[in-house]
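# Mind folding the following:
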Amino acid sequence: MRSALLSVSLVFALTACDSSGGTAGTTIQDAVDASDDVTVADGIVGEDTAVAEDSAAPTDTAGGDTRATDTTAADTVEADTGAPPSCPDDAVIVYLYSDGNGASTSWYDQPQGGDDTPLTGAGVRLLSPGGASHDPLDCGAGRYGFTGLGAGWHTLAVDVERESTSNNHGRRLPEAIGEGAVKMVTFGDSIPHYGPTPWFPEQLTTMLTPLATVDNVNIAIPGSRTTDWLPTTGNYANKLSPELGDADVIVFSLGGNDLMDLAFEANIGSVDEALELLDELDAELVDIETNLVTIYEAIRTVAPDADVLWFLYPNYAMSDEWAQYIGSYQELAATLMESKLVEVRDRMADNDGLMIADMLGSLDKPALDSFLWDELHLNVAGSRYYAEEVFMTLGGVFIDPSAPRGLERKMGFLP
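The predicted structure follows:
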């Protein structure tokens, strides 16, 4: 697997060097040759593989947002979404707006401009443990505030009869919580189902349990690709489809192993070969996205009202784990990898109703380093952070004096 990571990284680094007028030289070639001598057990393994408990996981640092560098368009102006004087300083603030520029893609990518206007008179509530439902203070200009909340996880219920552009709140989850029971189905690759336990679906279950009874179904298969979950496959027919009909929340992580397969087959010895692989990479990304959309649309036909959420991977190339294979080309590789992931995020956000757990926008380098167990997978603290990100994308708010999350929200809707 590590030689594959090196191949993925080298294609970005070599391409960056070529586009800036530099050359790969013998340093890159030596690195490629050296990768043949790096042997480890496969990090993406069979479904029944057991992994030892992470005894050295870092202290949970997931309390505050650890956002990466802002990637919003240069011609947009970030609107002021701070609490106006009429809202208490300690309130949970929800800003609802009409997304006139249609630029919102995720929680972390919501550029606003003059075409965006506040939504007034909209319906929003906050659901709390024990069945409590809180009505907001109307703070004006599309802002709504909640105060007097107890510690723990709460969730927003937003009643706006428009398609969401931010896709950062659940529609079905609040209804399921009100009914007292939530069924969550997780499928895909090794991110939900490999590494030290508890994995993020189990940690998310713990967060949701004070709000409702939770049926957690985790059928992810480490090593699986998008092609392994298409509607024509046995995995879809036998493992996923039977769970969809009564699912309230469906979470999946897919796409990374498709790229790993491409990297394993790569043989990079020159800039020209790297450029050729980059063309193959672009084509592979198109295929991956096509498969993801096919899977999503198939899910929608069976579970039209469920909240469906897909993970966008973080920029692994900026991590310490990858630095030992990329060396001095890390910054170049990380920059180009981010640009590719941003393109993927923009395109996937065009699918109505698909929520994106945007780990690219969420994680900066220090946070990513603290959450990785190996080159790709999460330690216990990382799994908790992923669980929090899923919950916040679904509308969750965490009240805690030392580590609150999701206290200021922006939610865009089509005009």
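# tell me the helices in this structure, going along the chain?
2-19, 25-35, 172-179, 200-208, 234, 241-244, 256-264, 271-302, 320-326, 330-348, 359-362, 365-371, 380-393 (DSSP state H).
# looking at the chain, which helix or strand is least sure?
In the chain, no helix or strand scores lower on mean pLDDT, DSSP states H and E than helix 25-35, which sits at a mean of 35.
# Can you lay out the helices of the chain as JSON lines showing distance to S104 and mean neighbour count?
For every residue, glycine as well, the C-beta is placed using N, CA and C. Shown next, in JSON lines, are the helices of the chain (distance: least, CB to CB, whole Å; neighbours: other CB atoms under 10 Å):
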{"stretch": "helix 2-19", "distance to S104": "27", "mean neighbour count": "22"}
{"stretch": "helix 25-35", "distance to S104": "39", "mean neighbour count": "14"}
{"stretch": "helix 172-179", "distance to S104": "20", "mean neighbour count": "20"}
{"stretch": "helix 200-208", "distance to S104": "24", "mean neighbour count": "22"}
{"stretch": "helix 234", "distance to S104": "37", "mean neighbour count": "8"}
{"stretch": "helix 241-244", "distance to S104": "27", "mean neighbour count": "17"}
{"stretch": "helix 256-264", "distance to S104": "25", "mean neighbour count": "19"}
{"stretch": "helix 271-302", "distance to S104": "19", "mean neighbour count": "17"}
{"stretch": "helix 320-326", "distance to S104": "30", "mean neighbour count": "19"}
{"stretch": "helix 330-348", "distance to S104": "11", "mean neighbour count": "18"}
{"stretch": "helix 359-362", "distance to S104": "12", "mean neighbour count": "25"}
{"stretch": "helix 365-371", "distance to S104": "23", "mean neighbour count": "19"}
{"stretch": "helix 380-393", "distance to S104": "13", "mean neighbour count": "25"}
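# mean pLDDT for those: which is lowest?
Among these, helix 25-35 carries the lowest mean pLDDT, a mean of 35.
# mind showing which ranges of the stretch 51-200 of the chain have poor pLDDT?
Low-confidence segments of the stretch 51-200 of the chain, defined by pLDDT under 70: 51-85.
# Could you pull out the strands in it for me?
Taking DSSP state E, counting those that start in this stretch, the strands of the stretch 51-200 of the chain run over residues 92-98, 117-118, 123-127, 133-134, 137-140, 143-146, 152-159, 181-188.
# What residues of the third one count as buried?
Okay, so that is strand 123-127. 124-127 (16 or more other CB atoms under 10 Å).
# What is it packed up against?
Counting contacts by 3 or more CB pairs under 8 Å, 6 or more residues apart in numbering; DSSP states H and E, strand 123-127 packs against strand 92-98, strand 133-134, strand 152-159, helix 172-179.
# Could I get the CA-only coordinates of the first one as CSV?
Yep, that's strand 92-98 we're talking about. This file holds the C-alpha atoms of strand 92-98, laid out as CSV (Å, rounded to 0.1, in the frame of the first residue of the first chain):
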residue,chain,number,x,y,z
VAL,A,92,-26.7,28.8,19.4
ILE,A,93,-27.1,30.9,16.2
VAL,A,94,-28.7,29.6,13.0
TYR,A,95,-28.5,31.8,9.9
LEU,A,96,-30.9,30.8,7.1
TYR,A,97,-30.4,32.4,3.7
SER,A,98,-31.6,32.3,0.1
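# hmm, who's touching it?
Applying CB atoms under 8 Å, 6 or more residues apart in numbering, the external contacts of strand 92-98 come out as 79, 81-83, 87, 112, 116-119, 122, 124, 126, 136, 139, 142-147, 149, 154, 156, 158, 160, 162, 397, 399, 406-415.
# Same check on stretch 235-249?
Residues from elsewhere that reach stretch 235-249 (CB under 8 Å, 6+ apart): 170, 172-173, 175-176, 182-185, 187, 217, 219, 221, 224, 228-231, 250, 295, 298-299, 302-303, 306-307, 309, 394.
# coming back round to it: out of the helices of the chain, flag the one nearest W107.
Ranking the helices of the chain by proximity to W107 (CB to CB) places helix 380-393 first, at 6.0 Å.
# starting at the chain centroid, how far to that closest one?
Computed by CA atoms, centre = their mean, to the nearest Å, the chain-centroid distance of helix 380-393 equals 9 Å.
# Give me the buried entries from the contacts of stretch 235-249.
The neighbour-count test (16+ other CB under 10 Å) marks 170, 172-173, 176, 182-185, 187, 217, 219, 221, 224, 228-229, 250, 295, 298-299, 302-303, 306-307, 309, 394 as buried among the contacts of stretch 235-249.
# Okay, the residue lying closest to S86 once chain neighbours are set aside and P196: tell me how far apart.
Spatial nearest neighbour of S86, chain neighbours left out: C139 (4.9 Å); criterion: CB to CB, 6 or more residues apart in numbering. Separation of C139 from P196 (CB to CB, to the nearest Å): 42 Å.
# swap in P314?
18 Å.
# and what of A403?
Counting by CB to CB, the gap from A403 to P196 is 21 Å.
# the more surrounded of those two?
For the pair A403 and P196, the greater number of neighbours falls to P196 (20 against 13), based on other CB atoms under 10 Å.
# The more buried one touches V380, doesn't it?
Yes - P196 is within contact range of V380, at 5.2 Å (criterion: CB atoms under 8 Å).
# Would you point out which residue is most central in the protein?
Nearest to the geometric centre of the chain sits A357, at 2.7 Å (CA atoms, centre = their mean).
# List the contacts of it.
So A357 contacts 251, 309-312, 386, 389-390, 393 (CB under 8 Å, 6+ apart).
# what's the spacing between it and Q112?
Taken as CB to CB, the span from A357 to Q112 is 22 Å.
# What distance do you get for the residue nearest to P198 when sequence neighbours are not counted to D400?
Residue nearest to P198 in three dimensions, not counting chain neighbours: S383, with 6.6 Å by CB to CB, 6+ apart. Distance of S383 to D400, computed by CB to CB: 18 Å.
# E243 now?
In terms of CB to CB, E243 sits 32 Å off from D400.
# Check I219 too.
Taking CB to CB, one finds I219 at 32 Å from D400.
# now A317
Taking CB to CB, one finds A317 at 32 Å from D400.
# When these two are compared, which one has more neighbours?
A317 (26 against 11).
# you'd agree that one is up against Y329?
No - if you go by CB under 8 Å, A317 and Y329 don't touch, sitting 9.5 Å apart.
# Tell me who's in contact with F371.
Residues near F371 by CB under 8 Å, 6+ apart: 58, 363, 378-379, 381-382, 385.
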